[in-house]
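>>> would you be able to build a 3D model of this:
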Amino acid sequence: MIEWLRSLLLSLLPWGTEVIVSVQSWSTPFLDRFFAVCSFLGDEEFFLLLLPLVYWCFSKRAGRGLAYALLLSAYVNSLLKHIFLIPRPADPRIRVLRPVDPPTPSFPSGHAQDGVAVWGFLANRVRRAVGWLAAILIMFLIGFSRVWVGVHYPQDILSGWLLGILFLGLFLWLLPQAEGWLARQPPALKLALAIVLPIAGLLLHGADLRGLYPAPDAATTMGAILGMSVGFLFEPRGVRFRVAGPWWKRLLRLVVGLLIVALFWQGPKLFLPEEMAHGLAMALRFLRYACTGLAATLLAPWLFVRLRLAGSEASA
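Down below sits the predicted model:
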């Protein structure tokens, strides 16, 4: 079945190439910059800004749900990418405006799928028609931009949107049940699950395009999930920060918190050698993203309370 689907997808590449060439024929400097910005709305760097913004400044519960929606969607997308192994657009007529580095398979589009998961989750939280209209517009622009910048075929985008819808519906249905079940479990079991499940997810993921195991995407998503899950478990026990507060305190939280997150996210790269064995590199990547997730969900909130940028329910 997988081989049949892969053959079908490969047969669609010439058609997809012609669509990309046709779309790029509308190119202007302004539209190139505009769609580059739209594409950025699906990048890791943007989500490293959006997720903390929601969790630190607006709603802890929404922030938790949003983090899991994004990271689980990204993991599922990476699994499918490495099952089908469809190459990225490579026709010389295509202008690649935002190269994919490191290169990953093309089908399905992670930007399109994750865009539906993230903006659909937020729209579901807002529960207003204008929220859904804005979310659908952003989803469309993110997906279309990936064709415009020349890194995805249209079939990648359409499949990403469809998978995003299916994932979001399943996630929203399962989330309350999972939260209710976890609330009844002892802390030791919660901690064990927070550690064991991400490690299992890392090991179950396939190799990357070069045949190296495990793939970087798996180390990224599962490492972040482990760190955040541990942080979400301990924050209510020792910090219990409150998101309420004047706008300037929320803004300062975001600035200070992002500095802390950036320190763990990019800081280790300054000391690690560029060349190392793949297994060691992936273990360190997993650890780096775990520390980043823990810093965002536990260390930064603790610092907010210490600096009086946020109140604490523990001292209320």
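>>> where does the protein dip in pLDDT?
Low-confidence regions of the chain, defined by pLDDT under 70, span residues 314-316.
>>> longest helix of it, counting residues only.
The single longest helix within the chain, with elements called by DSSP state H, is helix 154-183.
>>> so which elements touch that one?
helix 13-24, helix 60-84, helix 110-126, helix 129-148 (3 or more Cβ pairs under 8 Å, 6 or more residues apart in numbering; DSSP states H and E). Quick note: C-beta positions are derived from backbone N, CA and C, even for glycine.
>>> how about these in CSV, adding mean neighbour count?
Below are these laid out as CSV (neighbours: other Cβ atoms under 10 Å):
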stretch, mean neighbour count
helix 13-24, 16
helix 60-84, 21
helix 110-126, 24
helix 129-148, 19
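>>> buried ones in the longest helix of the chain?
Buried residues in helix 154-183, counting neighbours by 16 or more other Cβ atoms under 10 Å, are found at 154, 155, 156, 157, 159, 160, 161, 163, 164, 167, 168, 171.
>>> contact partners for the last one?
For residue 171, the residues meeting the contact criterion (Cβ atoms under 8 Å, 6 or more residues apart in numbering) are 68, 69, 72, 73, 117, 121.
>>> walk me through the domains of the chain.
Listed by automatic domain parsing, the domain ranges of the chain are 1-184, 186-316.
>>> give me the distance between the last one and the centre of its chain.
In terms of Cα atoms, centre = their mean, to the nearest Å, the gap separating the centre of domain 186-316 from the centre of its chain is 13 Å.
>>> how about the helices in the stretch 151-300 of the chain?
Shown for the stretch 151-300 of the chain, the helices assigned by DSSP state H, counting those that start in this stretch span residues 154-183, 187-204, 216-238, 247-266, 278-294, 300-306.
>>> what lies in contact with stretch 198-205?
75, 78-79, 82, 214-215, 217-219, 221-223, 225-226, 229, 286, 290.
>>> in stretch 96-111, which residues are buried?
Neighbour-count burial for stretch 96-111 flags 97, 98, 104, 105, 106, 107, 108, 109, 110, 111 (criterion: 16+ other Cβ under 10 Å).
>>> now those in a markdown table, with distance to residue 209?
Shown next, in a markdown table, are the buried residues of stretch 96-111 (distance: Cβ to Cβ, whole Å):
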| residue | distance to residue 209 |
| --- | --- |
| 97 | 21 |
| 98 | 18 |
| 104 | 7 |
| 105 | 7 |
| 106 | 11 |
| 107 | 13 |
| 108 | 16 |
| 109 | 16 |
| 110 | 14 |
| 111 | 18 |
